[in-house]
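I would like the atomic coordinates for the input below:
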Amino acid sequence: MASEFEFEDSLIDTNSILIVDDGALTRELVSGITAYAGFSRIDTAASGPEALQKLAAYRYWLVLSDLKMTPMDGVELLEHVRGHATLKSVKFIIMTSQNNAESVLRAKRAGADAVLLKPFSVKDLEQVIRDLSSELSGLSKSFES
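Below you'll find the predicted structure:
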């Protein structure tokens, strides 16, 4: 679609994650958890448009995005990602505090690999990431509660 999503090197960095949430505390907490898990490149964005800019510049293995944000919510961001040939293989987890079937179904229909309900524990996040790729070499450490 747009040339900003074309990469010279199509290899994805499997130790990379982009955390998208309009809440600074959530970005900080999830960054710390994923750093402990072994991710070597952890970037954050406070909005969908900011995330798209970062996705245009780097090939992340995983995007972990809040559902409820403005001006672009997490599902709209996911739809942009799934709509680009060079980004559609990126793993995508939606985080939401909206514990209702409609929100979860909307995220899954848009192509979310997983939906994580807030508040979640370190073990919940670990399990979702492990389920996405049991071969991910960056997850060499185990989490402790």
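
The helix or strand encompassing Glu102 - contacts with which helices or strands?
Per DSSP states H and E, Glu102 falls inside helix 101-110. In terms of contacts (3 or more C-beta pairs under 8 Å, 6 or more residues apart in numbering; DSSP states H and E), helix 101-110 is packed against helix 74-82, strand 91-96, strand 114-117. C-betas here are computed from N, CA, C, even on glycine.

Report the strands that pair with the shortest one, each with its relative direction.
The pairing partners recorded for strand 114-117 under DSSP bridges are strand 91-96 (parallel).

got a list of contacts for the partner strand?
21, 26, 61-68, 74-75, 78, 81-82, 103-104, 107, 111-118, 120, 128-129, 132-133 (C-beta atoms under 8 Å, 6 or more residues apart in numbering).

which of these are buried?
21, 26, 61-68, 74-75, 78, 81, 103-104, 107, 112-116, 118, 120, 128-129 (16 or more other C-beta atoms under 10 Å).

For Leu62, name its beta-bridge partners.
Bridge pairing for Leu62 - DSSP bridges - gives Ile17, Lys91.

State the number of residues packed around Ser36.
For the record, residue 36 is Tyr, not Ser. 14 (other C-beta atoms under 10 Å).

That one falls within a helix, correct?
Yes. Read with DSSP: H, G, I helix; E, B strand; the rest coil, Tyr36 is one of the residues of a helix.

any chance of the helices and strands packed on helix 101-110 in a markdown table, plus mean pLDDT?
Shown next, in a markdown table, are the helices and strands packed on helix 101-110 (pLDDT from 0 to 100):
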| stretch | mean pLDDT |
| --- | --- |
| helix 74-82 | 96 |
| strand 91-96 | 96 |
| strand 114-117 | 94 |
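
mind giving me TSV with these and columns for distance to Gln53?
TSV is the format used below for the helices and strands packed on helix 101-110 (distance: least, C-beta to C-beta, whole Å):
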stretch	distance to Gln53
helix 74-82	11
strand 91-96	17
strand 114-117	24
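
If anything else comes up later, I'll come back, but that's it for now.
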